[in-house]
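Peer 1: Here is a sequence with its predicted model. Questions after.
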Amino acid sequence: MKTDWEITGNSKICGIIGDPVEHTISPAMHNAAFKAINLEYVYVPFRVSPEDLPRAVEGLRVFNMRGVNVTIPHKVKIIPLLDEIDEFAQKIGSVNVVVNDNGRLTGYNTDAHGFLYALLDRGVEPEGQKVAVLGAGGASRSVCFALAERGASLTILNRTPGNAARFAVEMSELTGRPIQTLGLTRENLSAALDNCSILINTTSVGMYPNSDSTLADHNLIKPHHTVVDIVYNPSRTKLLAEAEKAGARTIGGLDMLVWQGALAFEIWTGKQAPINVMRKEAQRSLKSHEK
C-alpha cells in the first residue's frame with residue numbers, strides 16, 4: 001500500500017451516475033474518505049442521460065470500475081440492466097449503489113438504512129412514532145420503507161392523492177403495516193401534524209435554486225415535532241428554518257447523504273467508513289456550493 005494517497009494505474013474507480021450531477025458533493029466526500037484511510041480508490045461524477053443508461057452500465061464492465069452511486073433519474077430504470085439485485089433493494093424497488101465483482105454487477109439500496117441511521121444518530125427513534133411524510137415519489141420509497149420496517153405509523157400527504165393511495169398499498173404489502181394517505185393541502189397537513197411527532201419532507205420543494213419554498217411553516221409546526229428534510233442544498237432549507245422558528249428539532253438532508261455514502265463506501269471497499277471525515281468534508285463542500 002502506498003504511503004500517500006494518489007491516483008495511479010492501480011487505482012480502483014468509483015463514481016456517481018445521474019442527470020444532472022453538477023451539484024453533487026459526493027466526490028469530495030468519498031475522495032476524502034479514501035485518502036483518510038489510504039485506499040487506492042478515486043471517485044468521479046458522470047452525467048448520464050436516460051437514453052445512454054444501458055451503454056453507461058456496460059461501461060462499468062468495460063472500464064472495470066469498482067462501482068457507482070446511482071441518482072436521479074436512474075434508480076429504478078437501472079434495475080433490469082444489472083445481473084443481480086440485493087433482496088433489500090428488490091423489496092424497495094430502487095437501487096442507489098452498484099458494485100462490480102469481476103464483471104458481475106449487483107445493485108443495492110443504502111438510502112433506506114442511511115435515512116434511518118441519520119435519525120438514530122440524532123437520538124430520534126421512529127419505532128412507535130406517528131410520522132407525516134410529504135411526497136410519494138421515488139425518494140419517498142426508501143424513507144417510508146425504512147420507517148414502516150422500524151415500526152412507525154405513517155401518513156403520506158401528496159398533491160396527487162391517487163398516486164399516494166397506490167404507493168401506500170404497495171408499501172403496506174411490503175411491510176405488513178397500514179399506511180394512511182391524504183391530499184397535500186394546508187388543512188390536511190395541519191390535521192396530520194396535530195396527530196404526529198415527526199414530519200419528513202421527501203419532495204424537492206425548497207431545493208436550490210427554489211430555496212424560498214416550503215410546504216409547512218412555523219404556524220403549523222409545534223415544539224414537540226422533529227422535522228426532517230431530505231433536501232441537502234441548501235443545508236438549512238426554508239422548512240428547517242420555519243421548524244426552528246417554531247422551536248422544533250430539525251435534521252437536514254446532509255445527514256442522510258453522509259450515512260448512505262458511508263454504507264456505499266463499505267460495500268465497495270470492505271472497510272469501515274471514516275464517517276466523521278465524510279461528514280466534515282460534505283459540510284465543507286456544501287458550504288462552497290452554497291456561496
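Peer 2: Yep, it's here.

Peer 1: can you give me the strands for the stretch 101-250 of the chain?
Peer 2: 104-108, 130-134, 153-158, 179-183, 198-201, 226-229, 249-251 (DSSP state E, counting those that start in this stretch).

Peer 1: Could you export the ones you listed as TSV, including distance to Ala168 and mean pLDDT?
Peer 2: In this view, the C-beta of every residue, glycine as well, is placed from N, C-alpha and C. Below are those laid out as TSV (distance: least, C-beta to C-beta, whole Å; pLDDT from 0 to 100):
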stretch	distance to Ala168	mean pLDDT
strand 104-108	25	98
strand 130-134	10	98
strand 153-158	6	96
strand 179-183	4	95
strand 198-201	15	98
strand 226-229	19	98
strand 249-251	24	97
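
Peer 1: Format those as JSON lines; extra columns: mean neighbour count and distance to Glu266.
Peer 2: Shown next, in JSON lines, are these (neighbours: other C-beta atoms under 10 Å; distance: least, C-beta to C-beta, whole Å):
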{"stretch": "strand 104-108", "mean neighbour count": "19", "distance to Glu266": "11"}
{"stretch": "strand 130-134", "mean neighbour count": "23", "distance to Glu266": "27"}
{"stretch": "strand 153-158", "mean neighbour count": "24", "distance to Glu266": "28"}
{"stretch": "strand 179-183", "mean neighbour count": "19", "distance to Glu266": "31"}
{"stretch": "strand 198-201", "mean neighbour count": "26", "distance to Glu266": "25"}
{"stretch": "strand 226-229", "mean neighbour count": "26", "distance to Glu266": "23"}
{"stretch": "strand 249-251", "mean neighbour count": "20", "distance to Glu266": "22"}
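
Peer 1: Now render the ones you listed as CSV, adding distance to Asn96.
Peer 2: Listed next are these as CSV, based on distance: least, C-beta to C-beta, whole Å:
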stretch, distance to Asn96
strand 104-108, 7
strand 130-134, 19
strand 153-158, 21
strand 179-183, 22
strand 198-201, 18
strand 226-229, 18
strand 249-251, 19
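
Peer 1: Any idea which of those strands gets closest to Glu22?
Peer 2: In terms of C-beta to C-beta, the element of the strands of the stretch 101-250 of the chain nearest to Glu22 is strand 226-229, at 21.3 Å.

Peer 1: Just give the number of residues close to the nearest residue to Phe88 once chain neighbours are set aside.
Peer 2: Distances taken as C-beta to C-beta, 6 or more residues apart in numbering place Asn109 nearest to Phe88, at 5.9 Å, with adjacent residues excluded. Asn109: 27 surrounding residues under other C-beta atoms under 10 Å.

Peer 1: Same check on Pro50?
Peer 2: Close neighbours of Pro50, defined as other C-beta under 10 Å, add up to 10.

Peer 1: what's the burial count for the nearest residue to it once chain neighbours are set aside?
Peer 2: Excluding the flanking residues, the one nearest Pro50 by C-beta to C-beta, 6+ apart is Pro73, at 6.0 Å. If you count neighbours by other C-beta under 10 Å, Pro73 ends up with 16.

Peer 1: Equivalent analysis for Gly114, please.
Peer 2: Gly114 has 22 neighbours, counted by other C-beta under 10 Å.

Peer 1: nearest residue to it other than its sequence neighbours?
Peer 2: Closest residue to Gly114 apart from its sequence neighbours, by C-beta to C-beta, 6+ apart: Gln260 at 2.8 Å.

Peer 1: which SS state does that neighbour fall under?
Peer 2: Of the three states, Gln260 takes helix under DSSP: H, G, I helix; E, B strand; the rest coil.

Peer 1: is it true that it touches Phe115?
Peer 2: Yes: between Gln260 and Phe115 there is a contact under C-beta atoms under 8 Å: 7.4 Å.

Peer 1: More neighbours: the two, which one.
Peer 2: Neighbour comparison, Gln260 and Phe115: the larger count goes to Phe115, with 29 against 24 (by other C-beta under 10 Å).

Peer 1: how much space between the more buried one and Pro80?
Peer 2: Separation of Phe115 from Pro80 (C-beta to C-beta, to the nearest Å) stands at 25 Å.

Peer 1: Nearest residue to Gly138 in space, please, no chain neighbours.
Peer 2: Leaving aside its sequence neighbours, Gly138 sits nearest to Lys75 (C-beta to C-beta, 6+ apart; 6.0 Å).

Peer 1: in terms of contact, does Asn69 touch Pro27 like I think?
Peer 2: No: look at Asn69 against Pro27 with C-beta under 8 Å: they stay out of range, at 10.0 Å.
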